[in-house]
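Asker: Have a look at this fold, sequence not included:
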């Protein structure tokens, strides 16, 4: 049955909304496949505004992986801004995909990628606009399977009521396995309805179906245990790991939006995973082990991607890009190759060491040197030991000296406030560090025209990390500490004017904390906030702390709980955590030991260069570290170097 | 240094592309098509592209113009094809000619617009048009960055007519089509200003937003209300002195009989 496009109805609304281009699709490299020739259809959503969602690598990768398959189609949908939402409700236009403007409810799967918990209310808006019942239990065969992925899905319990299933880990292979299960079930005439399909998915051990698990609570509110309520459903659900990144060179044809978006560059993920072991970092913990893309694989992706997009910048992405075993050759090779083409190269997420200045110099040798960013994360040597961010103050000063000496004029330093065991003193030392940075900068550059910007936000303890047991600092204490730091920086007559201070107040962090470490009972809060009008919680102008607290105050007392219970309460070793039945591969006892090491200010090395520390991931997931060097070099492209002899006019490429 | 003038469209759903959006898309298309662009000097060099008189966001267009500067000579027709392939469907490059004259912008004196009014009967539209044309001045308001502005929408209108309803499909309901010729000037009078004028003079209030398309831009013949192709003078100049082609003849080795590259430094 062909599903009609809702574009004619939508089109009449577009002249009345801001930036209508974000709703029309038609981006370069987007794909529209014939509906009737496909038997498994995915609607993929990044639950935020188009300008944030479009560049998301995860969605872009899955969109291509699925659309490359015969008989499978994937289309994209994003959160609509409140101006269009109101018009869509008034004129009964449902949540649509931007590719063909088909109603989301007509698809087999509605897959949402959650980078952050702050997208949960946007999911409810989309479900409601789509005409899909908010509660999974109320859905029928006419509704898609609502599937959550992304880092936040490692604890999907707060949205357990609203999703049918969740997948944790890498999505490339998982979406194809799920597609095959759906295809078979549909071909058989959908036996047993939704329940049977979800059961087939759950049985694989790689798809979490919250409805097949009962949560039992203790009288004090903690979880007693989480039990499968159906025979054949595994006790724990495993994460997915793609082992050979070179076999998955996606996105091959990155989407090029017409609307302006937050990242407009050709991004290549140069490796996945990180074993630096920063204890606050959920991404580093849940994406283990480290798997590098080879230098030649990177070179091919960049070449093909630039040709397909016309982007003028290449981003080499990963959790700590300078850690690639051949990063020097990659940076130099790409800089050589694109020297003539005015292609900028960027290397986000770099660590504090002098080697990275060399890299940064290489990457910017044709362009301007404005700012360098480093993330010491903690202000004092002591707190950096607690969080296992192994960088000394001497390292930092030496690094910035090199940077200022090489013509850089601005250094940005990122920190967190509210780390476990932190005191005012730990945070106030940030001001001392910034002062020393400026002093050193003035000395080596012989100029007063240099800046250091301190950027700081509240720490939120995350599931599957050694800090998952830690108490979160309250919003009031966070704000008080940040104020003291601000006063200290502003009060510095000699250096204060050269130090920029940017901070995020503690309130959004508390809501993020509630959602990060929440359990199924938090679902009631999310629903109440949505019904009260909560949308776009990641946007300062839309986020309302008071609304969240009010809604939590109305819903949580029923369970004898409050927001503090979820956020500022320290957990004990014995406590069953809401996400314990989701297996990230990390051994819970190892995490606990690492938590104890943190309290003892004991550091742990990186297993890439030292023996294994038994975090559990490799044996549990049957994976291993995959790093170079391959010893290969990035060969310049023949076409580029043949350039000086002008080619005949009118040749085609 | 070669300059090439292009006509491009904003069709279908891509009419919602803003001018800024188009600029970014076009610069990327230049890269994908590997056009040997000239760059501005300075801290952040930009490819040399001059845009003229872009249509407002949300209105379609068959006649947008721009000019690019190249460091090497290219055959305009081939360049047009390459650029067209490098842009999304709907942003189509439909004409290209080497610039041989000055003042393309000066030749864009007027625009021809087609305004489709769904849910409006032809007779209704005719009456409104008559009332509008009969008025000496038609004051309209428009919200601009600097607040509400009031100006005359009548004087700039060279021609306005309700076309005979041939396009109406049976069972599709009423649909009136207006053809509007507007002189460019200050303040710029746009189709939506004329629609405001029709509302003010004749109470014409379309139930759904009008579908507006620019059909042409160019020199205005005041007598007939026709607008002529602004690229015609360049085309004629090329016909009269096809230097690019002449150079080809001097280089018989050139494989496709097309233009040979400019010698280095000739720009």
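Answerer: Thanks, I have the structure now. This is a predicted model, so every value here is computed, not measured.

Asker: quick one: residue B:151 is in a strand?
Answerer: Yes. If the criterion is DSSP: H, G, I helix; E, B strand; the rest coil, then residue B:151 is within a strand.

Asker: Assign a three-state SS to the residue nearest to it when sequence neighbours are not counted, would you?
Answerer: Distances taken as Cβ to Cβ, 6 or more residues apart in numbering or on different chains put residue B:187 closest to residue B:151, at 5.0 Å, once the chain neighbours are dropped. Heads up, the C-betas are built off the backbone N, CA and C, glycines and all. What three-state DSSP gives for residue B:187 is coil.

Asker: ok, now the one 5 residues further on?
Answerer: Taking three-state DSSP as the rule, one finds residue B:192 in the helix state.

Asker: which residues does it contact?
Answerer: Residues near residue B:192 by Cβ atoms under 8 Å, 6 or more residues apart in numbering or on different chains: B:56, B:142, B:210, B:212.

Asker: pLDDT score for it?
Answerer: We have a pLDDT of 93 for residue B:192.

Asker: Repeat that for the one 10 residues further on.
Answerer: You'll see residue B:202 listed with a pLDDT of 92.

Asker: pretty sure it contacts residue B:132?
Answerer: Yes. Using Cβ atoms under 8 Å, residue B:202 is in contact with residue B:132, at 6.5 Å.

Asker: So if I had to pick from those two, which one is more boxed in?
Answerer: Applying other Cβ atoms under 10 Å in any protein chain shown to residue B:202 and residue B:132 shows that residue B:132 carries more neighbours, namely 22 against 18.

Asker: Look up how far chain A lies from that one.
Answerer: Residue B:132 sits 22 Å away from chain A when distances are taken as Cβ to the nearest Cβ, to the nearest Å.

Asker: domain assignment for chain B?
Answerer: B:2-99, B:107-227 (automatic domain parsing).

Asker: which of the ones you listed is buried the deepest?
Answerer: domain B:2-99 (a mean of 19; mean count of other Cβ atoms under 10 Å in any protein chain shown).

Asker: in the stretch 151-300 of chain A, which spans are helices?
Answerer: Counting by DSSP state H, counting those that start in this stretch, the stretch 151-300 of chain A has helices at residues A:172-187, A:193-203, A:282-286, A:295-309.

Asker: hmm, back to that, specify which member of the contacts of residue B:192 is nearest to chain A.
Answerer: Ranked by distance to chain A (Cβ to the nearest Cβ), the contacts of residue B:192 are led by residue B:210 at 8.7 Å.

Asker: Please tell me how far residue A:297 sits from residue A:248.
Answerer: 10 Å (Cβ to Cβ, to the nearest Å).

Asker: Among the contacts of residue B:192, name the least confidently predicted one.
Answerer: residue B:142 (90).

Asker: thought residue A:509 was touching residue A:459?
Answerer: Yes. Here residue A:509 reaches residue A:459: they are 7.4 Å apart, a contact under Cβ under 8 Å.

Asker: got any residues that touch both of these two?
Answerer: A:418, A:472.

Asker: quick revisit: mind checking which of the contacts of residue B:192 are in strands?
Answerer: Of these, the ones assigned to strands by DSSP state E are B:142, B:212.

Asker: which stretches of the chain aren't confidently modelled?
Answerer: I went with chain A, as the question did not name one. A:1, A:349, A:353-355, A:366-370, A:636-653 (pLDDT under 70).

Asker: Not quite, go with chain B.
Answerer: Filtered on pLDDT under 70, chain B yields the residue ranges B:165-172, B:243-267.

Asker: surely residue A:549 meets residue A:567?
Answerer: No. The pair residue A:549 / residue A:567 is not scored as a contact, 11.4 Å apart, by Cβ under 8 Å.

Asker: Do any residues in stretch A:312-323 lie close to chain B?
Answerer: Yes. Interface with chain B: stretch A:312-323 contributes residue A:312 (Cβ under 8 Å from any Cβ of the partner chain).

Asker: got a list of what residue 158 touches?
Answerer: Reading this off chain A. Contacts for residue A:158 were tallied using Cβ under 8 Å, 6+ apart; they are A:117, A:120, A:515, A:518, A:519, A:520, A:522, A:523, A:526.

Asker: that's the other chain; I wanted chain B
Answerer: Residues near residue B:158 by Cβ under 8 Å, 6+ apart: B:110, B:181, B:182, B:183, B:220, B:222, B:225.

Asker: what's the burial count for residue A:116?
Answerer: By other Cβ under 10 Å, neighbour count at residue A:116 equals 16.

Asker: ok so residue A:433 is a helix residue?
Answerer: Yes. According to three-state DSSP, residue A:433 belongs to a helix.

Asker: tell me the contacts of it?
Answerer: A:376, A:379, A:393, A:396, A:413.

Asker: quick revisit: would you mind putting the contacts of residue B:192 into TSV with distance to chain A alongside?
Answerer: Formatted as TSV, the contacts of residue B:192 follow (distance: Cβ to the nearest Cβ, whole Å):
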residue	distance to chain A
B:56	10
B:142	15
B:210	9
B:212	10
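
Asker: if we can go back for a sec, of all pairs in the contacts of residue B:158, which one is the farthest apart?
Answerer: Of all pairs drawn from these, the greatest distance, 12.8 Å, lies between B:182 and B:222 (Cβ to Cβ).

Asker: Please convert the domains of chain B to a markdown table, extending it with distance to residue A:196.
Answerer: Putting the domains of chain B into a markdown table (distance: least, Cβ to Cβ, whole Å) gives the following:
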| stretch | distance to residue A:196 |
| --- | --- |
| domain B:2-99 | 40 |
| domain B:107-227 | 45 |
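
Asker: Phi and psi next, for the residue nearest to residue B:151.
Answerer: With angles defined as degrees, to the nearest 10, residue B:187 sits at phi -70, psi 150.

Asker: Wait, it touches residue B:153, no?
Answerer: No. Applying Cβ under 8 Å as the test, residue B:187 and residue B:153 come out as separate, 9.3 Å apart.

Asker: how about the helices of the stretch 151-300 of chain A, which one is nearest residue A:230?
Answerer: helix A:193-203 (6.9 Å).

Asker: Just confirm yes or no for the helix or strand hosting residue A:44 near chain B.
Answerer: Using DSSP states H and E, residue A:44 sits in strand A:40-49. No. Strand A:40-49 lies out of reach of chain B by Cβ under 8 Å from any Cβ, never closer than 15.5 Å.

Asker: centre of the chain versus that strand, how much separation?
Answerer: Computed by Cα atoms, centre = their mean, to the nearest Å, the chain-centroid distance of strand A:40-49 equals 16 Å.

Asker: Likewise for stretch A:583-597?
Answerer: Centre to centre, stretch against its chain (Cα atoms, centre = their mean), the figure for stretch A:583-597 is 22 Å.

Asker: Next: stretch B:106-124.
Answerer: The chain centroid and the centroid of stretch B:106-124 are separated by 14 Å, computed with Cα atoms, centre = their mean.
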